[in-house]
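Trainee: Provided below for reference: sequence and predicted model.
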Amino acid sequence: MARLSAVAITALPLLAALPAAAAPCPSPKDIQVVEVDRVFVQERHIEGLSKPLVSHGELHADAERIIWHMKDPFDVKTVIASDGITESVSGGSAQPVGAGAGELGASVARSAAALMRGRWDELSSLFNVSSPSTLESGEWEVLLTPLNERMRQAVGDIEVRGCADVERIEIGGEGSGDRHVITFANAEPGQ
C-alpha cells in the first residue's frame, strides 16, 4: 500500500503538467465584455506588395471611447469618441482628424466598441450580421457585411473570429484586393 501511495504521489506532478482539455468555445452571443484591454498585431496586405505592413500596439475600449495606440513601427495614438476622432504622434498633443468627424467618430466608436464587446445586435444598423458558424478549430466566426453600398466597396466583408472573445478581425476591401488582419491577445498587467 505504501508503494502504491509513493507511485501516486510521484505521478501527481506529472498529471498536473499535462494540458487540460480545452473547454469548448462559448457562443459569440454569450460574450459579456464591458471594457477591453488588448494588445494587437495588425497586418496590412496591400496589392502589389510582396509582404504585409505590420504594426503592433494596444487597444482600450470602454463605453465612452476607443483608444488605438500603435507603438511599432511608429508611435501613433488614435482616440475615437462621440465628440470626434483625435490623433497624437510620438506623445505629442492630440489633433482632430478630419473636419466635422464628430458624427463619424461617434458611429465608429459605437461600432468598434460593440464589435470588441460582442454586442452583435448593436451592429445590425450598419451591417448584416451572420449567424455564428463553428470552425474546425472550435472557434466561432461571425461575418459582417456592410448594408451601405459605398461602405461595402470601401471595406468589404469583415470576418470576426474568436473563442471566449474577439481574437481576430479580417477586413477585406471588396474591389481593391487589400486587406487588414488584426489579431488580439490579452494585455499584460502594467502595459
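Mentor: That came through fine. Numbering: from 1, shown residues only.
Trainee: how deep is residue 41 tucked in, by neighbour count?
Mentor: 15 (other Cβ atoms under 10 Å). Using the backbone N, CA and C atoms, a C-beta is placed for each residue, glycine as well.
Trainee: Please tell me how far it sits from residue 123.
Mentor: Remark: distance between residue 41 and residue 123 (Cβ to Cβ, to the nearest Å) = 23 Å.
Trainee: now residue 158
Mentor: Residue 158 sits 9 Å away from residue 123, going by Cβ to Cβ.
Trainee: Do I have it right that residue 64 meets residue 81?
Mentor: Yes: with contact defined as Cβ atoms under 8 Å, residue 64 counts as touching residue 81 (6.3 Å).
Trainee: Have a look at these two and say which one is more surrounded.
Mentor: Between residue 64 and residue 81, counted using other Cβ under 10 Å, residue 81 has the larger neighbour count: 16 against 10.
Trainee: Just give the number of residues close to the closest residue to the more buried one other than its chain neighbours.
Mentor: With Cβ to Cβ, 6 or more residues apart in numbering as the criterion, residue 81 has its nearest non-adjacent residue at 3.9 Å, and that residue is residue 65. Counted with other Cβ under 10 Å, residues neighbouring residue 65 total 18.
Trainee: Go ahead and confirm residue 44 touches residue 52.
Mentor: Yes: with contact defined as Cβ under 8 Å, residue 44 counts as touching residue 52 (5.8 Å).
Trainee: How about the contacts made by residue 182?
Mentor: Listed by Cβ atoms under 8 Å, 6 or more residues apart in numbering, the contact set of residue 182 reads 40, 41, 42, 43, 168, 169, 170, 171.
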